[in-house]
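Peer 1: output the structure for:
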Amino acid sequence: MNLTFAPPFALAAAAAAAAAPRVLVRASPRFLPLRSVAWGTAPTRRRAAIAAPAVATPSITRPPSPSLAAAACRGPPTMLSAAAGAGAKVGNSMMDVSKKGEFVRKASSFRDWVRADGSTRFAPAAGRYILYVSMACPWAHRTLITRALKGLESAIATVVVHPHMGEDGWHFVDAKGEAGDDSGRCEPEPLFGLKNVSQLYRKAKPDYDGRFTVPVLWCTQESTIVNNESSEIIQMLNSEFNEVAAKPNVELLPKDRADSILELAQSFYNNVNNGVYRCGFATTQEAYDKAFGELFGELDRLNEHLSTRRFMAGRELSLADVRLFPTLARFDAVYVQHFKCNKKQIKEYEHLHGFVRDMYQQSGVGETVDIGHIKRHYCTSHPTINKYGIIPNGPDLTDYFTAAVHRTGLTG
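Peer 2: Numbers count the residues shown, from 1 in each chain. Okay, here's the model as predicted:
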């Protein structure tokens with residue numbers, strides 16, 4: 001083990017900085033789309049009943065890289081491992097940077113499945129499961145979109161964490177209306193009165209030594225985490241909860257095309273979904289340049305791909321679209337400036353921007369987009385990138401999501 005010791009004056013300066021009061025700057029709601037600030041109508045805000053815990057197609061132009069299979073979508077990068085001990089701080093994303101200065105995402109840890117056929121101990125049932133999410137996190141956003149498209153709002157409750165992630169990771173509010181939750185979506189943790197997501201993980205497994213990420217699919221009957229891998233949770237929401245879904249006929253992963261759709265979604269994971277983080281968390285110019293080039297090369301290809309197709313896999317919306325949209329929806333608002341992804345904005349891509357508007361205007365999807373939470377999270381949770389936590393007032397997103405869409409004629 002290599003240990004580096006800082007000189008006394010450096011330690012003193014670090015201690016003084018740690019003791020200084022932190023300033024949380026409120027974002028101006030001036031330029032936020034109306035639908036991104038409110039959770040929608042009263043019926044949309046209804047929570048599913050929470051059960052008490054028991055004791056116990058077409059391919060894209062560029063073929064997918066073989067290395068992507070081992071790098072399936074992970075939770076948010078801004079969490080550390082618990083391996084350092086129960087008292088360790090967990091909010092520093094730089095721990096996931098390699099010696100070459102490249103951001104490397106860690107694997108998710110809980111990988112059980114809810115199955116309608118009874119093949120696992122987790123059976124689908126209304127009120128049995130809770131989704132712990134962040135409105136800011138693109139990985140959690142996937143689960144909210146799928147939940148809305150399938151009409152599972154009354155069957156699966158959600159608990160929204162505060163958008164600011166500090167040294168203790170994602171945290172729950174103490175009461176509704178806590179500062180920083182401009183849209184009023186956050187609420188206290190309802191089952192155990194927990195303060196942090198890390199405590200939820202240790203409720204499931206006291207000796208847990210992984211990462212404290214969202215989304216988390218929690219089973220109240222078994223009092224444990226079922227799964228914390230977003231790409232798997234959305235598959236479960238799509239196929240295993242049809243008996244309690246308001247829209248059971250919505251099929252986002254048809255069996256006859258499942259492999260091609262998942263391969264398509266995986267093809268843009270490393271360069272786009274993870275690519276913005278590879279740009280933002282790079283610590284060497286070489287790592288940044290590589291990620292930057294791959295990101296915009298992939299965006300160019302996706303724009304061309306969508307020039308003849310309404311959705312990624314053709315005429316019908318699929319899980320490939322659910323996995324692409326959250327990254328694109330955050331791009332102009334935060335990734336351009338915060339992660340230095342500034343070659344072009346999504347609004348400069350005719351077909352990508354049309355796709356974003358089309359997705360946002362699908363029933364229930366717009367209500368899952370909260371630009372206020374998104375900007376607050378990124379701008380206040382990464383001090384190595386934005387030291388003072390200042391939240392930009394722009395960009396002006398008026399009509400960005402809601403302008404008319406003319407993509408229904410695409411037959412791809």
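
Peer 1: in stretch 288-305, which residues are buried?
Peer 2: For stretch 288-305, the neighbour count (16 or more other CB atoms under 10 Å) marks 288, 290-292, 294-296, 298-299, 301-303, 305 as buried. Using the backbone N, CA and C atoms, a C-beta is placed for each residue, glycine as well.

Peer 1: could you do stretch 391-400 as well?
Peer 2: In stretch 391-400, counting by 16+ other CB under 10 Å, buried: 391, 395, 397, 400.

Peer 1: could you provide the residues you listed in a markdown table, with additional columns for distance to Thr411?
Peer 2: Formatted as a markdown table, the buried residues of stretch 391-400 follow (distance: CB to CB, whole Å):
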| residue | distance to Thr411 |
| --- | --- |
| Ile391 | 42 |
| Pro395 | 33 |
| Leu397 | 30 |
| Tyr400 | 26 |
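
Peer 1: for those, which one is nearest Cys379?
Peer 2: Ile391 (4.4 Å; CB to CB).

Peer 1: can you put the buried residues of stretch 288-305 in JSON lines and add distance to Val250, pLDDT and secondary structure?
Peer 2: Below are the buried residues of stretch 288-305 laid out as JSON lines (distance: CB to CB, whole Å; pLDDT from 0 to 100; DSSP: H, G, I helix; E, B strand; the rest coil):
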{"residue": "Tyr288", "distance to Val250": "40", "pLDDT": "98", "secondary structure": "helix"}
{"residue": "Lys290", "distance to Val250": "39", "pLDDT": "98", "secondary structure": "helix"}
{"residue": "Ala291", "distance to Val250": "35", "pLDDT": "98", "secondary structure": "helix"}
{"residue": "Phe292", "distance to Val250": "36", "pLDDT": "98", "secondary structure": "helix"}
{"residue": "Glu294", "distance to Val250": "33", "pLDDT": "98", "secondary structure": "helix"}
{"residue": "Leu295", "distance to Val250": "31", "pLDDT": "98", "secondary structure": "helix"}
{"residue": "Phe296", "distance to Val250": "33", "pLDDT": "99", "secondary structure": "helix"}
{"residue": "Glu298", "distance to Val250": "28", "pLDDT": "98", "secondary structure": "helix"}
{"residue": "Leu299", "distance to Val250": "28", "pLDDT": "99", "secondary structure": "helix"}
{"residue": "Arg301", "distance to Val250": "28", "pLDDT": "98", "secondary structure": "helix"}
{"residue": "Leu302", "distance to Val250": "24", "pLDDT": "98", "secondary structure": "helix"}
{"residue": "Asn303", "distance to Val250": "27", "pLDDT": "98", "secondary structure": "helix"}
{"residue": "His305", "distance to Val250": "23", "pLDDT": "98", "secondary structure": "helix"}
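
Peer 1: next, give me the two most distant ones among the residues you listed.
Peer 2: Largest pairwise distance in those, by CB to CB, is 25.5 Å, between Tyr288 and His305.

Peer 1: please, which helix or strand holds the nearest residue to Asn227 once chain neighbours are set aside?
Peer 2: What sits nearest to Asn227 in space, not counting adjacent residues and going by CB to CB, 6 or more residues apart in numbering, is Leu217, at 4.9 Å. With secondary structure defined by DSSP states H and E, Leu217 is part of strand 216-219.

Peer 1: now the element after that strand, going C-ward?
Peer 2: Strand 216-219 is succeeded, C-terminally, by strand 224-227 (DSSP H and E).

Peer 1: what's in contact with that following strand?
Peer 2: 108, 110-114, 122, 129, 200-201, 203-205, 216-219, 233, 236 (CB atoms under 8 Å, 6 or more residues apart in numbering).
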